[in-house]
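Novice: I would like the atomic coordinates for the input below:
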Amino acid sequence: MSYAAKRRLVLGFLVFAVLWPPAHRVLVATSEIDPWRLGGWAMYCTPKLRVEVALVPEKRGRPVDVELPASLREAANRFTERRAVLGRFVSPAVLAREALEQLEADSVVVMIQRNRLDPATSRIAGTREYFRYSRDDAGRINGERFSVRDVP
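Specialist: Numbers count the residues shown, from 1 in each chain. Presented below is the predicted three-dimensional model:
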């Protein structure tokens, strides 16, 4: 390898080493990726906290109390792990599709709770997002995000 190629390689590594930590921090703040993963230094800014996911099947707009099949619980666990690492880059539509295929429900609500360290108060704060997914007449899955006030 020539001296010029080695120099470009070292320079490229140094540029990456300088730019990746602030880029990782921005991704953590905006996309909710796990600060302890993907080789960033943001892990030193926050404790490792869990992400929780719940599935609520609905019939005619009302929650149904049903035992989730083991395969769906495993899918929810896989989704939870992926969502914890990659944040908003992992859509809850994937989990909702599996739930609608396995359950006899008109729609399904996916609740995602993410706990984080609030920099203003230095306390752990939880935020919840709710997504309702249903199947249209053509068999496509449609979803919407809603707030707690919108729950019937």
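
Novice: What are the boundaries of the strands in the protein?
Specialist: In the chain, the strands defined using DSSP state E lie at 51-59, 62-63, 107-118, 123-135, 141-146.

Novice: export the ones you listed to TSV and tack on mean pLDDT, mean neighbour count and distance to Trp20?
Specialist: Placement of C-beta: from N, CA and C, glycine included. Below are the strands of the chain laid out as TSV (pLDDT from 0 to 100; neighbours: other Cβ atoms under 10 Å; distance: least, Cβ to Cβ, whole Å):
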stretch	mean pLDDT	mean neighbour count	distance to Trp20
strand 51-59	91	17	23
strand 62-63	88	10	44
strand 107-118	88	18	21
strand 123-135	89	15	26
strand 141-146	83	14	31
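
Novice: ok, and what's touching stretch 62-73?
Specialist: For stretch 62-73, the surrounding residues in contact (Cβ atoms under 8 Å, 6 or more residues apart in numbering) are 55-58, 76, 98-99, 102-103, 105, 109, 152.

Novice: out of those, which one sits closest to Val90?
Specialist: The closest of the contacts of stretch 62-73 to Val90 turns out to be Ala76 (Cβ to Cβ; 12.5 Å).

Novice: What's opposite Val110 in the beta bridge?
Specialist: Beta-bridge partners of Val110, counted by DSSP bridges, are Leu55, Phe131.

Novice: mind putting the strands of the chain in a markdown table, distance to Thr30 included?
Specialist: As requested, the strands of the chain are exported to a markdown table (distance: least, Cβ to Cβ, whole Å):
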| stretch | distance to Thr30 |
| --- | --- |
| strand 51-59 | 16 |
| strand 62-63 | 32 |
| strand 107-118 | 13 |
| strand 123-135 | 14 |
| strand 141-146 | 17 |
